[in-house]
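K.L.:
Predicted model follows, preceded by the sequence.
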Amino acid sequence: MLESILDEIPQLGSARRASLLERFGSVAAIRKASVEEIAATPGIGGKIASVIESYLEGISVQKVNTESGEISDN
């Protein structure tokens, strides 16, 4: 079963996830974005942007499909 790594981030509901993916296109692009760029996304402020950046930095790159942003339950 595949799921988006964004599903695991606290305070990030479906509307915010959709907004991030609409702006950046993929989790890989979000990972490369600065806190300021993430915070400029509609519905995302500085505090949540910091949570997102910290969470994505802590994820092992080997577990994340950098094209789709999906992870597996392996």
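P.N.:
Structure received.

K.L.:
Against D7, how distant is I38?
P.N.:
Between I38 and D7 the computed distance is 17 Å (Cβ to Cβ, to the nearest Å). No exception for glycine: its C-beta is placed from N, CA and C like everyone else's.

K.L.:
more crowded one of these two?
P.N.:
I38 (22 against 12; other Cβ atoms under 10 Å).

K.L.:
does the more buried one sit in a helix or strand, and which one?
P.N.:
helix 35-39 (DSSP states H and E).

K.L.:
what distance separates that helix from the centre of its chain?
P.N.:
In terms of Cα atoms, centre = their mean, to the nearest Å, the centre of helix 35-39 is found 11 Å from the chain centre.

K.L.:
residue ranges with poor pLDDT in this protein?
P.N.:
Scanning the chain with the threshold set as pLDDT under 70 gives 1-3, 59-67, 69-74.

K.L.:
need the helices for it, in chain order.
P.N.:
Applying DSSP state H to the chain gives helices spanning 14-24, 27-32, 35-39, 46-57.
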